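Enquirer: Pasting a predicted model and its sequence here:
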Amino acid sequence: MDFRLELQVVKEAHLLFKVIDQRYKENKSLIFTSNIEEEDWPEFLGDPISTSAILDRIFHHSVIVKIYGPSYRKYQSDLLQKKYAENTVDKKKEAG
């Protein structure tokens, strides 16, 4: 990995920490969604120390809702494809 890129990732991790820490200090609500598993966050953020502090603040006083099931985006895409196929058949019937 390019050293400058690593520094940018660490900088972004610190910025995320600042946002979460400020909300935590003010005892304000925060809705946080992610498709990244907890154990993968240190690698994702590139800074294990900041990651530990971030997750500590996220999980303290939290209600964690894990959603399992098929992708909603895939579901919407399938509906769109079905609608497109139906329109195509209808247009062919009208033309033919």
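Expert: Sure, I can see it. Keep in mind the model is a prediction, meaning the values are calculated, not measured. Numbering: from 1, shown residues only.
Enquirer: Report the central residue of this structure.
Expert: With distances taken as C-alpha atoms, centre = their mean, S34 lies nearest the centre of the chain, 3.3 Å away.
Enquirer: Mind telling me what element R73 is part of?
Expert: Assigned by DSSP states H and E, R73 falls within helix 72-95.
Enquirer: mind checking how far that helix is from the chain centre?
Expert: Here the centre of mass of C-alpha atoms in helix 72-95, compared against the chain's by C-alpha atoms, centre = their mean, to the nearest Å, lies 29 Å away.
Enquirer: go on, stretch 83-96?
Expert: The answer for stretch 83-96 is 38 Å, by C-alpha atoms, centre = their mean.
Enquirer: mind listing what's buried in that stretch?
Expert: By neighbour count with 16 or more other C-beta atoms under 10 Å, stretch 83-96 contains no buried residues. C-beta coordinates here come from the backbone N, C-alpha and C atoms, glycine included.
Enquirer: how about the CA coordinates for it, as CSV?
Expert: Extracted C-alpha coordinates of stretch 83-96, given in CSV (Å, rounded to 0.1, in the frame of the first residue of the first chain):
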residue,chain,number,x,y,z
LYS,A,83,-41.2,-5.1,-14.9
TYR,A,84,-38.9,-4.5,-17.9
ALA,A,85,-39.5,-8.0,-19.2
GLU,A,86,-43.3,-7.6,-18.9
ASN,A,87,-43.1,-4.3,-20.7
THR,A,88,-41.1,-5.8,-23.5
VAL,A,89,-43.6,-8.7,-23.9
ASP,A,90,-46.5,-6.2,-23.9
LYS,A,91,-44.8,-4.0,-26.6
LYS,A,92,-44.1,-7.1,-28.8
LYS,A,93,-47.8,-8.1,-28.5
GLU,A,94,-48.9,-4.6,-29.5
ALA,A,95,-46.6,-4.6,-32.4
GLY,A,96,-47.2,-8.1,-33.6
